[in-house]
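**Student:** Just a sequence and a predicted model for now, questions to come.
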Amino acid sequence: MIRVHPLMPEARSVTARDMGWLAISLALVIVPHSERVPWWVSVSALCLLGWRTYLVLNLRPLPWRWVPLALAVIGMAGIWLEYRTLFGRSAGIALLVLFAGLKLIEMRSHRDATVVVFLSYFLIITNFLFTQSIPTALVMCCALLVITTTLVSFNAPQRNIVALVHIAGTVLLHAVPIAVLLFMLFPRVQGPLWRLPQDAYTGITGLSETMSPGSFSKLSQSDAIAFRALFSGRPPPSRHLYWRGPVFLDFDGRTWRNGSFRRLSEFELTGGETRYSYTVILEPHQRDWLFALDMPEYLPPRAWISGDGQLISYAPVRTRMRYEMASLAGARLAEEEAPAVLGRALRLPPNFNPRTRALSEQWRREARGDEQIVQTALRHLRDGGFQYTLLPPLLGRDSVDEFLFSTRAGFCEHFSSAFVFLMRSAGVPARVVTGYQGGELNPVDRYLTVRQADAHAWAEVYLRNQGWIRVDPTAAVSPLRLDSGLAGAVPGAEQLPLLLRAEIPEWIRSARNNWEALVNQWNLQILGYNTDRQREFLNRLGMIDPDWKSLAFAMLTSTAVVLALLIAWSLRGLRRSDPVQNAWVAFCAKLGGRGLERRPQEGPRDFALRASDRFPGQRAAIGAVSELYIALRYGRTSPAGEVSRLRRLVREFTPA
Amino acid sequence: MSRSLLQYPRLTAWFRSNAQPEPGAIVLRQRRVYILPTRLGLIFAATLLVLLLGSINYVLSLGFVLTFVLSGMAVAGMVHTVRNLMSLSIQAGRVEPVFAGEAAQFRLFLENGDPFDRVAILVRHDVSGAQTVLDVPAGTSSAAVLPVPAERRGWLPIGRVMLETRFPLGLFRAWSNLRPDLRALVYPRPEASTLPQPSPEASSGSARLTAQGTDDFSGLRAYQFSDSPRHVAWKAVARSEDMLTKQFSGQSSAELWLDWALLPPDADNERRLSRLAGWVLAAERAGVRYGLRIPGRTLAPDRGDVHLAACLTTLALYDAAAERSPAEAATA
């Protein structure tokens, strides 16, 4: 039969103090969501919290049961109108926030309140869906402590706040060793287990599958990190730092798109000056291309290379990715280019940019070879009064004509686009290559940091007997672009984010370097700990190729060891049982074995008298034991050695 | 066998429902502290599973961290819960005699000899459900008072008592059952009735109640309608529910025999004992010297708290089958 008692959560009602703790707990996990859920959801949750607090403080009854039910239906309808679904990341979180608020005006006992606490724990993880940065982790650590304190306060209603935080902190501290073991040894499965909703990944900027005027100048506003690279040995000079990304062959007059997408089963390089080997840590960008210096020597795992020399991953890069690479600077694919691709590399949309066509046809007539045409074009760009700027004027239908003959100001996409157009109309096969150029060396951890602002577009021309040759028309106009990066090369740098500008104070720069090195380690060691890293780590520990069974075994045994240590800690210094009492119990047991049971109400003196009558031969021994027991148990003092004398007496006693 | 049962009191309690009480201080050791998850603990486990699946599916490293910290927290919380009961010492305290129908106030002392606080420990009487929750700070001892209704006269052993805790997280409950060596004496339920008149054959020798006067206070008697309000013993009325009138007489010594034989012969034993208990209380209140005579036992006339307690104890422990009261043996 189960009777209600005061330790049962069902039996304890929610007090004002409980509401205070719940309010702080929920605030810490919901406030970071406030910019991600519709405003009315946050406001509703806040109002429900205030309503319940008012009810508790004024000892008012809860609203009828159908009130939260009706509000839930209304809220769900609102969320459906907002997202047109109730599932997926954004709608799901909006629902969770709403339900947390509704549970507040519905909960009656500590049982319900504890469910809200568990919901708060769950809301912590929903924050990680959006960001797993160090600041988020710190805020969520605070949330974890506060939520756990809330849970403790339900079970220790008499304690004050300092004691509660201390208890919660101690329990969490004791959880850390077990958590570390589980984190390292829990057999990792590479997710996802099921198809994720479409909105699982949003809001990440980076290179795109097309290039049109303005797309790169927009990227240059972002100081977000695209990837980092750690070179074994000295990092390459700036002129070798061309990180190859999407290659474009097709032009419709305004937008460049589509590479050849021809898949090479194997490839070889020719030429090349210097070999660099390095590790790339690529931030997730939701596309399938990978970055390497021109040209990669081999393929990263789970990737292929196209005939354009573009590295493509089998799956879009959804999580931070780490791969080893080696590149041969200045090399190119040895394979002969397919005629179909060369055909596409000459094609131009008809009836666009007539003045440009006229200019390049004139160059064709005057030049003796393709190489001379390239030189002529570069000279034209360098000497023609062109300006490299972050704020290019808008262009109309004949974008190349306007750029070359009237505005003469542009960013890298204008220069590369115009250059490739000139080449093609002069009969030289050419293509646009996008990617990143340069990067900044972080002196703290020696990683080369490549940001979105380093995004760049250049060109490649196909020369007979040489293959595809890189030409960077932007560098012809602004040689500084290569030497001192974007900030030093463009006027209008005030448009750049503060930390990208050239003139920032040294201490800010060094603080940023330290911070980014820390973030890099965080990304590598904590966030990047996946199936592969787990295998590497365990190999280093001496577990060669562990399968999930040996992992589970290692995890369980080590956790058991930690648990044993924890138990040993908890029992440390606990009082042993009373030796005097033990001796007396043993004495009674000896007599009981001879048929003389001590009666429950019988004191030691009465029992001793009865025993002496039964065993007259042991009268002295029985008297000694009982008197000593009485003296030790009820007496004021317990002289040293007397306890062991009692134990010896009992040991030597044999009733017969 | 008996030796092992004595060493493992919990086994006795398990196999025999009428287990013997454990004498002396009971120290809670590992062997007798049990632990199981609560219902909320199971819900928490389900939450952990959902967190783990979410972390795998969305490849959230910090999700794994959170899941594993919470798992470790549950395990650590389990150890803390057991520790909250472990090595606590329970000492039986005093319990005052009560009349049947009242509640015996059993007092248990929880002694914490360790340098950490014991928080929110439930002490609960198994049969009656009497319960209290208390904290035992480090190095101190706290008293748990369990009011257990006393239905019948005689000895009322405390029986089984459960100590339980869910501190600190409420995900686990640790408990221990014990039978402290503590029993309450329950007097018969006193039946209010007028005192028998002292009669020549019931009173002894010269000790006769003399004619009532108004000079010396001699005691109290039941209020009669004609009594002057000035003679009503208002202080005594405030203490009891009966209206009493102060009696005055010239001679202070009066003796009253409260005799089993005075009661109607058709009344059953319990009824007789109740009536006698009522008489004893009334006689003590009236201030007369009274003696008690029941089959097998006679208490000479006297008055005062000690005599009152002796009379009520005799009545409480009257054993009809033995035709004699075992009170002498038990209270010696």
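**Tutor:** Okay, I see it.

**Student:** Just name the shakiest helix or strand of chain A by mean pLDDT.
**Tutor:** helix A:480-489 (a mean of 65; mean pLDDT, DSSP states H and E).

**Student:** show me what contacts the residue most central in space within chain B?
**Tutor:** The geometric centre of chain B, computed from its C-alpha atoms, lies nearest to residue B:104 (Cα atoms, centre = their mean), at 2.7 Å. Shown in contact with residue B:104 (Cβ atoms under 8 Å, 6 or more residues apart in numbering or on different chains): B:95-96, B:98, B:147-150, B:156, B:184, B:186. All C-beta spots, glycine's among them, are computed from the backbone N, C-alpha and C.

**Student:** make it 6 Å
**Tutor:** Shown in contact with residue B:104 (Cβ atoms under 6 Å, 6 or more residues apart in numbering or on different chains): B:95, B:98, B:148, B:150, B:156, B:184.

**Student:** Return the item of these having minimum pLDDT.
**Tutor:** Across the contacts of residue B:104, the bottom pLDDT score, 87, is held by residue B:95.

**Student:** can you give me the helices in the stretch 151-300 of chain B?
**Tutor:** B:234-239, B:269-286 (DSSP state H, counting those that start in this stretch).

**Student:** Low-confidence stretches in chain B?
**Tutor:** B:1-19, B:197-254, B:320-332 (pLDDT under 70).

**Student:** domains for it, by residue range?
**Tutor:** Structurally, chain B divides into domains by automatic domain parsing as follows: B:2-184, B:212-331.

**Student:** Likewise for chain A?
**Tutor:** In the recorded assignment (automatic domain parsing), chain A comprises A:9-158, A:538-571, A:579-652.

**Student:** ok, residue B:107 touching residue B:93?
**Tutor:** Yes - between residue B:107 and residue B:93 there is a contact under Cβ atoms under 6 Å: 3.5 Å.

**Student:** so how far is residue A:381 from residue A:587?
**Tutor:** Per Cβ to Cβ, to the nearest Å, residue A:587 is found 109 Å from residue A:381.

**Student:** Show the pLDDT at the residue lying closest to residue A:611 once chain neighbours are set aside.
**Tutor:** If the residues on either side of it in the chain are set aside, residue A:611 comes closest to residue A:622, at 4.9 Å by Cβ to Cβ, 6 or more residues apart in numbering or on different chains. With respect to pLDDT, residue A:622 has a value of 89.

**Student:** secondary structure element for residue A:622?
**Tutor:** Taking DSSP states H and E as the definition, residue A:622 sits inside helix A:619-634.

**Student:** tell me which element the residue located most distally from the centre of chain B is part of?
**Tutor:** Centroid-distance maximum for chain B: residue B:59 at 60.9 Å, with Cα atoms, centre = their mean. For residue B:59, there is no enclosing helix or strand under DSSP H and E.

**Student:** was I right about it contacting residue A:319?
**Tutor:** Yes - between residue B:59 and residue A:319 there is a contact under Cβ under 6 Å: 5.0 Å.

**Student:** picking up where we left off before, which SSE is immediately downstream of the helix holding residue A:622?
**Tutor:** helix A:642-652.

**Student:** Need the nearest residue in space to residue 186, chain neighbours excluded.
**Tutor:** You didn't pick a chain, so chain A it is. residue A:555 is the one closest to residue A:186 (Cβ to Cβ, 6+ apart), at 6.0 Å.

**Student:** actually it's chain B I care about, not the one you picked
**Tutor:** residue B:150 (4.2 Å).

**Student:** which residues touch the one you found?
**Tutor:** B:98, B:100, B:102, B:104, B:156, B:186.
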